[in-house]
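Undergrad: Make a model of this:
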Amino acid sequence: MISNQILQNTIEGLKGIARVELCVMDVDGKEVAATMDMGNCSKPAVEFAASPADSQEIQGYQYFKIYDEQQLEYILVAGGTGEDVYMIGKMVAFQIQNLLVAYKERFDKDNFIKNLLLDNLLLVDIYSRSKKLHIQTDVPRVVMIVESAGGKDNNVLEIARTHFGSNSKDFITAVDESNVIVVKEFSETDTGKEIEKAARALETTLLKEGIRDVRIAYGTIVHEIKEVSRSYKEAKMALDVGKIFFDERDIIAYSELGIGRLIYQLPIPLCKMFIREIFGGKSPDDFDEETLTTIYKFFENSLNVSETSRQLFIHRNTLVYRLDKLQKSTGLDLRVFEDAITFKIALMVVKYMKYMETYEY
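TA: From the prediction side, this is the model:
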């Protein structure tokens, strides 16, 4: 249903052009929007609504009926008589009727996209409703999830819709109270770089509007409308996994999650068992700051001893000593690829468990 504020803005704009006072009433004669007080038109409007006429001049005013799919929705009253006022009134009624159609179609599309994302539609319904709503079913699309400090209550939804403009190929909606969802269409030749570019442009727009702590996650490209829900689930996972393992990044793609998305799906008891088996009663994050810095820098430099010692500003032998010390306490030699992989996964598992404990409480 079209909002009263939109009706008010519409008739005020039309009054500024046509210089005719206008009033929109419901079928019970209650004022919905008006450019001046027309309270004395209420009773005639109710009588007019019950009549078979679509337009009528009553007591110096022009009355018009506005329908929504052959159902009487509003009564428009134009202030004044004469042929010019009648023509203006007909044009205003036509404009409002078109607005009803446009907003209803947008509402229908929004509901369809929400149900599509949440897997609430049968396959046959997806294609039949797509056809009815004139939505292409076989074009590349990607789902983006936008999260910000204030959820979707801080105008993120409207800012995103304004950012993407009136492009009927893209859909911007919300399925919960936290995030805004963008279902964006791309061309067949677009790659991950174009998707990230679009996400970055949206982030820039939101930041300019004063929206803080913006994070955007997106799934993989899907080529059939029935697969949009899969891209949405991937984007949701990317958002969650990104907070755990890529907290320094504000834009993250599902394809970049790597082993993080596997760890994210592990049950906590299994994670605890893994840590106990590898480290006994200790945890890999119990090491002192110097040791942890050494470990992370060693991984960052792909297990290269010379480059790691150079970046840490220590002698090569000092780094070797630290790695030997770590091997004695854990039984893992980070210079050996298999041990390094085990240690790296353990660090990620501990980070995941900590996040989940914080999230639960």
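
Undergrad: Angles on the backbone of I251, please.
TA: phi -130, psi 130 (degrees, to the nearest 10).

Undergrad: just the CA coordinates of stretch 85-94, formatted as CSV?
TA: What follows is stretch 85-94, C-alpha atoms only, in CSV (Å, rounded to 0.1, in the frame of the first residue of the first chain):
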residue,chain,number,x,y,z
VAL,A,85,-10.2,21.7,-13.3
TYR,A,86,-12.0,18.6,-14.6
MET,A,87,-9.0,17.8,-16.9
ILE,A,88,-6.5,18.5,-14.1
GLY,A,89,-8.4,16.3,-11.7
LYS,A,90,-8.5,13.4,-14.3
MET,A,91,-4.8,13.7,-14.8
VAL,A,92,-4.1,13.7,-11.0
ALA,A,93,-6.4,10.7,-10.5
PHE,A,94,-4.5,8.9,-13.4
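
Undergrad: And it, what's buried?
TA: When neighbours are counted by 16 or more other Cβ atoms under 10 Å, the buried residues of stretch 85-94 are found to be 85-86, 88-90, 92-93. C-beta: built from backbone N, CA, C; applies to glycine.

Undergrad: do the same with stretch 181-193
TA: Burial within stretch 181-193, assessed by neighbour count using 16+ other Cβ under 10 Å, is assigned to 181-186, 190.

Undergrad: just stretch 195-205 next, same as before
TA: Here stretch 195-205 shows 195-196, 198-199, 202-203, 205 as buried, counting by 16+ other Cβ under 10 Å.

Undergrad: Show me which pair in the residues you listed is furthest apart.
TA: Between all members of these, the longest pairwise span (Cβ to Cβ) is found for I195 and T205 and amounts to 16.1 Å.

Undergrad: where along the protein do the strands fall?
TA: Read by DSSP state E, the chain holds these strands, from start to end of the chain: 22-25, 31-34, 55-58, 61-68, 71-79, 141-147, 171-173, 179-185, 215-218, 251-253.

Undergrad: so which of these is the most packed in?
TA: When you average the neighbours per residue for each of these (mean count of other Cβ atoms under 10 Å), strand 215-218 leads with a mean of 27.

Undergrad: List the strands paired with that strand, with their directions.
TA: According to DSSP bridges, strand 215-218 has the following sheet partners: strand 141-147 (antiparallel), strand 251-253 (parallel).

Undergrad: Please tabulate those strands in JSON lines and include distance to D339 and mean pLDDT as additional columns.
TA: Output for the strands paired with strand 215-218, formatted as JSON lines (distance: least, Cβ to Cβ, whole Å; pLDDT from 0 to 100):
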{"stretch": "strand 141-147", "distance to D339": "37", "mean pLDDT": "95"}
{"stretch": "strand 251-253", "distance to D339": "29", "mean pLDDT": "95"}
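
Undergrad: So for E209, which of the ones you listed sits nearest?
TA: Nearest of these to E209, taken as Cβ to Cβ: strand 141-147 at 12.3 Å.

Undergrad: what's in contact with the closest one?
TA: The contact list for strand 141-147 (Cβ atoms under 8 Å, 6 or more residues apart in numbering) reads 117, 156, 160, 178-186, 195, 198-199, 202, 206, 214-223, 225, 228, 231-232, 234-236, 238-239.

Undergrad: Same check on stretch 128-136?
TA: Residues outside stretch 128-136 that contact it (Cβ under 8 Å, 6+ apart): 105, 108-109, 112, 121, 137, 169, 225.

Undergrad: Quickly check these for the two that are furthest apart.
TA: Pairwise across the contacts of stretch 128-136, and taking Cβ to Cβ, the largest span is found between L121 and K169, at 19.7 Å.

Undergrad: okay, the two: which has more neighbours?
TA: Legend: neighbour count by other Cβ atoms under 10 Å for L121 and K169, higher for L121 (18 against 13).

Undergrad: pretty sure the more buried one contacts N115?
TA: Yes - under the contact definition of Cβ atoms under 8 Å, L121 touches N115, with a separation of 5.1 Å.

Undergrad: thinking L7 is in contact with A33, fair?
TA: Yes - with contact defined as Cβ under 8 Å, L7 counts as touching A33 (4.1 Å).

Undergrad: Need the buried residues of stretch 85-94 in JSON lines (columns: distance to I345).
TA: Below are the buried residues of stretch 85-94 laid out as JSON lines (distance: Cβ to Cβ, whole Å):
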{"residue": "V85", "distance to I345": "77"}
{"residue": "Y86", "distance to I345": "78"}
{"residue": "I88", "distance to I345": "73"}
{"residue": "G89", "distance to I345": "73"}
{"residue": "K90", "distance to I345": "72"}
{"residue": "V92", "distance to I345": "67"}
{"residue": "A93", "distance to I345": "68"}
